[in-house]
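Colleague: how would this look folded up:
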Amino acid sequence: MDPTAHPPVDRTFSFGPFNLVPARQLLLRDGTPVRLGSRALSILTALVERPGELVSRDELMAAAWPKLFVHESNLKVNMANLRRSLGDTQREPTYVATVIGRGYRFVAPVEIGAPANSQKSAEPGGANLSRLPAPREIVGRDEEIARIVAELRKRQHVTVVGAGGIGKTTVAIAAAQALEAEYPDGACFVDLSTFDDPTLLPSALAAALGIRGSADDMLTAVIDHLGQRQMLVLLDNCEHVLPAAAIFARRFAASVGRSRLLATSRQPLGTFAERIIRMDPLKVPDAVDGLTIEEAMRFPAMGLFARRAAEWAGYELVQSDCAAVAQICRSLDGIPLAIELAAANMVDRTAAQLGAMLDQHLGFQNRLVTRHSWPPSTGVTSCCRRTKLSFFASFRCSHRGSIRSKLPPLPNQLTLVQWTSRYA
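Modeller: Just a heads-up that it's a prediction; the model follows:
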């Protein structure tokens, strides 16, 4: 449809379940306002005005920050928030595609017409709005979720701490979903893995909270915004910008307000108000011989493998495979992410074949740790866990797109300890 068919003030851009009304700075999903910052709205408008066309990074930055010079990383932060609000985080984009080194393209069909009527308030921030990702099916984490919920009802700041792949984000989102109705101003999700520059944290927070305009001290503006509201902020993957996250957490805890902070990190943030909840691996069988299906399903690691293998590979756990599957879960140290990756590869392998492959490719790690008696400070055990994750991520599997993106590359010219200090 011709974009000039309706005057700019009257235009509504419709795509999927969304309606965008630029003149009102409003994005609706099935008639309900979607919380989105002004910069992200400007970026979205620039894209939908030219569906199917390449829009350069410079053009998008000019649209979002007119007459201002800003670093390109600001565009990346706001683009990440935009995609999350659209639910466009899968490997194959539904709405916004990246053209590497050049810019972005809006790939969904767009209809342009008169403004859609809505009975909802046009101002974001209502009690039912949420920026939390959709919840996933969770296996074996009910106790941790209940504990997080209980602590957040008593404390201003809770941090879920654990190794990579242990399930911190999944558990934190589930806890936030359980509490969301208790926060009149909603819940806000901020993924810090999308950038590694600590100076971008205030801008990322402002974008996620929908704070419009600019401020000389954006962090103070964010703290003031939260201080006037009763919100739950979920700060995910804090280890990527740990010092900046810790500064925000300290400022947040020092403010007097009813908002709460839930963080996930491989390391504690180290604030005076922080309550740390550590995530352990899923429980695995101590012995594998003679294990029955009923006994196996009492262990969360086995249950997770069985469910994911059924969902992604059409596999059904049988008695003759119990010992092999139990050994797989044991070999993977009960790490949920590694177990999911393994289960996805049952599409063209038997449990015995998968177990043998693990033993062949990963057995050297246990020998390495035992032979050299590495001290705990080197983190070699954590390094071996990460290597297991990366090993499975190298398989051809259509279900691992979002998982593989979380993993660093395997060591090349780095020594094992150097690599460990960087990623463990």
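Colleague: And what about residue 91, helix, strand or coil?
Modeller: coil (DSSP: H, G, I helix; E, B strand; the rest coil).
Colleague: Tell me how far it lies from residue 153.
Modeller: As for residue 91, its distance to residue 153 is 37 Å (criterion: Cβ to Cβ, to the nearest Å). C-beta coordinates here come from the backbone N, C-alpha and C atoms, glycine included.
Colleague: pLDDT score for residue 265?
Modeller: Looking at residue 265, its pLDDT stands at 96.
Colleague: Please list all residues in contact with the spatially closest residue to residue 196 that is not a sequence neighbour.
Modeller: Leaving aside its sequence neighbours, residue 196 sits nearest to residue 240 (Cβ to Cβ, 6 or more residues apart in numbering; 5.4 Å). Applying Cβ atoms under 8 Å, 6 or more residues apart in numbering to residue 240 gives the contacts 192, 193, 195, 196.
Colleague: residues contacting the first one?
Modeller: I take that to be residue 192. Per Cβ under 8 Å, 6+ apart, neighbours of residue 192: 201, 204, 235, 236, 237, 238, 240, 241, 245.
Colleague: again, but for residue 231
Modeller: The neighbours of residue 231, taking Cβ under 8 Å, 6+ apart as the test, are 183, 185, 186, 187, 188, 259, 260.
Colleague: Residue 86 too?
Modeller: By Cβ under 8 Å, 6+ apart, the contact set of residue 86 is 18, 94, 95, 96.
Colleague: Bridged to the last one, which residues?
Modeller: It refers to residue 96. residue 106 (DSSP bridges).
Colleague: ditto for the first one
Modeller: Beta-bridge partners for residue 18, by DSSP bridges, are residue 15, residue 29.
Colleague: in terms of contact, does it touch residue 27 like I think?
Modeller: Yes. Judged on Cβ atoms under 8 Å, residue 18 makes contact with residue 27 at a distance of 6.3 Å.
Colleague: neighbour-wise, which of those two wins?
Modeller: residue 27 (24 against 20; other Cβ atoms under 10 Å).
Colleague: Wasn't the more buried one part of a strand?
Modeller: Yes. Judged by three-state DSSP, residue 27 forms part of a strand.
Colleague: Excluding covalently adjacent residues, which one is nearest to it?
Modeller: Spatial nearest neighbour of residue 27, excluding adjacent residues (Cβ to Cβ, 6+ apart): residue 34 at 4.5 Å.
Colleague: Can you give me the distance of residue 356 to residue 207?
Modeller: 48 Å.
Colleague: same question but for residue 98, I mixed them up
Modeller: 18 Å.
Colleague: So if I had to pick from those two, which one is more boxed in?
Modeller: Neighbour comparison, residue 98 and residue 207: the larger count goes to residue 207, with 26 against 13 (by other Cβ under 10 Å).
Colleague: do you know how far the more buried one is from residue 79?
Modeller: Separation of residue 207 from residue 79 (Cβ to Cβ) stands at 10 Å.
Colleague: which residues do these two both contact?
Modeller: Counting by Cβ under 8 Å, 6+ apart, the contacts common to residue 207 and residue 79 are residue 40.
Colleague: Residue 335 is in contact with residue 166, correct?
Modeller: Yes. Taking contacts as Cβ under 8 Å, residue 166 lies within contact range of residue 335: 6.3 Å.
Colleague: For the stretch 1-150 of the chain, give me the ranges with low pLDDT.
Modeller: 1-10, 114-131, 135 (pLDDT under 70).
Colleague: residue boundaries of the strands in it?
Modeller: 12-15, 18-21, 26-29, 32-33, 54-56, 96-99, 103-106, 111-113 (DSSP state E, counting those that start in this stretch).
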